[in-house]
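Q: What would the 3D arrangement of this be:
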Amino acid sequence: MIAIKTSQEIQILREGGKILAQVMKELGKMVEPGVKTIDLDRAAEALILSAGARPAFKGFEGFPHSLCVSVNENIVHGLPSSYILKEGGLLKLDLGVLYKGFNTDSAITIPVGRVSFEVKRLIDVTKKSLRLAIKKAKIGNTIGDIGNTIQRFVEDQGFSVVRDLCGHGIGRNLHEDPKVPNFGKRATGEKLVEGMVIAIEPMVTMGDYNLRKSDDGYGYASRDNSLSAHFEHTIAITKSGPKILTE
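A: From the prediction side, this is the model:
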């Protein structure tokens with residue numbers, strides 16, 4: 001069942017989303033070769049707590065940390081560790097904030113030092129696919145319109161869209177209805193109505209879209225070990241169009 005949010009609840013989500021956006025901005029400044037991913041996790045948790053919020057991921061379905069850290073072929077839900085970031089790597093940070101009883105969720109992909117032109121293009125394509133999808137998140141459109149927009153753009157650029165993982169509704173619970181796939185057909189799925197809040201999160205690989213469990217047992221990686229990128233925002237469906245709550 002899809003939980004429709006009131007304007008007051010969306011305002012709380014906006015406040016939590018601003019905290020999340022600021023934390024992500026600070027984490028981005030820390031990313032460079034030589035940094036341990038566990039240090040990013042510790043910084044994320046400290047920043048969230050100092051802002052009067054709580055890390056939404058910690059303890060969720062047994063996840064032991066505040067920040068999901070996934071490197072190179074690993075796509076999402078990776079564990080922070082003593083792994084040291086290396087020049088030319090591709091880092092994905094996925095973070096949730098719980099504020100006044102409501103969750104927001106966001107993800108970014110950051111190059112570690114210098115990366116190749118094709119890796120930059122992967123990042124740019126994934127980020128743009130999210131922007132295009134957000135434009136479709138308006139009253140009267142459908143979940144299928146969002147997924148179709150992501151899929152068509154990404155595949156036209158020669159990359160693949162992950163199909164085994166998807167975006168989701170969000171609010172009092174971190175994962176709510178509806179599911180928001182990154183592929184699909186226009187005019188299918190749930191119709192978007194005022195008050196829906198969804199997390200849109202394209203996950204894109206350089207190779208094919210099949211996945212495997214990451215070596216850490218929590219995350220997911222591309223089965224063919226191709227590099228991947230991931231971006232995410234929490235979006236409110238309003239009368240005046242889609243509102244990004246996590247920026």
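Q: drop to CA atoms for contacts and neighbour counts, all remaining ones
A: Will do.
Q: hmm, who's touching the longest helix seen in the chain?
A: Criterion DSSP state H: the longest helix present in the chain is helix 7-30. Helix 7-30 has contacts (Cα atoms under 8 Å, 6 or more residues apart in numbering) with 40, 43-44, 47-48, 51, 53, 95-100, 102-106, 110, 171, 195, 234, 236, 245-247.
Q: Go again with 6 Å.
A: 99, 104, 245-247 (Cα atoms under 6 Å, 6 or more residues apart in numbering).
Q: TSV for those residues, including secondary structure, distance to Met203 and pLDDT?
A: Compiled in TSV, the contacts of helix 7-30 are given as follows (DSSP: H, G, I helix; E, B strand; the rest coil; distance: Cα to Cα, whole Å; pLDDT from 0 to 100):
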residue	secondary structure	distance to Met203	pLDDT
Tyr99	strand	26	98
Thr104	strand	18	98
Leu245	coil	20	98
Thr246	coil	18	98
Glu247	coil	19	95
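Q: which of those residues lies closest to Gly78?
A: Thr104 (18.7 Å; Cα to Cα).
Q: quick one, what contacts that closest one?
A: By Cα under 6 Å, 6+ apart, Thr104 lies in contact with 17, 96-97.
Q: Specify the beta-bridge partners of it.
A: Val97 (DSSP bridges).
Q: now the closest residue in space to Ser116 that isn't next to it in sequence: how far from Asp208?
A: In space, and not counting its chain neighbours, Ser116 is closest to Gly88: 7.6 Å by Cα to Cα, 6 or more residues apart in numbering. Distance of Gly88 to Asp208, given as Cα to Cα, to the nearest Å: 21 Å.
Q: circling back: restricting to C-alpha, output the longest helix of the chain in CSV.
A: Taking C-alpha atoms only, helix 7-30 is exported to CSV below (Å, rounded to 0.1, in the frame of the first residue of the first chain):
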residue,chain,number,x,y,z
SER,A,7,2.5,18.8,3.2
GLN,A,8,3.7,18.9,6.8
GLU,A,9,5.3,15.4,6.4
ILE,A,10,7.0,16.5,3.2
GLN,A,11,8.4,19.5,5.0
ILE,A,12,10.0,17.2,7.6
LEU,A,13,11.4,15.1,4.7
ARG,A,14,12.8,18.2,3.1
GLU,A,15,14.5,19.1,6.4
GLY,A,16,16.0,15.7,6.7
GLY,A,17,17.0,15.7,3.1
LYS,A,18,18.9,18.9,3.6
ILE,A,19,20.9,17.3,6.4
LEU,A,20,21.6,14.3,4.1
ALA,A,21,22.7,16.6,1.2
GLN,A,22,25.1,18.5,3.5
VAL,A,23,26.6,15.2,4.8
MET,A,24,27.1,14.0,1.3
LYS,A,25,28.8,17.2,0.3
GLU,A,26,31.2,16.9,3.2
LEU,A,27,32.0,13.2,2.4
GLY,A,28,32.7,14.2,-1.2
LYS,A,29,35.4,16.5,0.0
MET,A,30,37.1,13.7,1.8
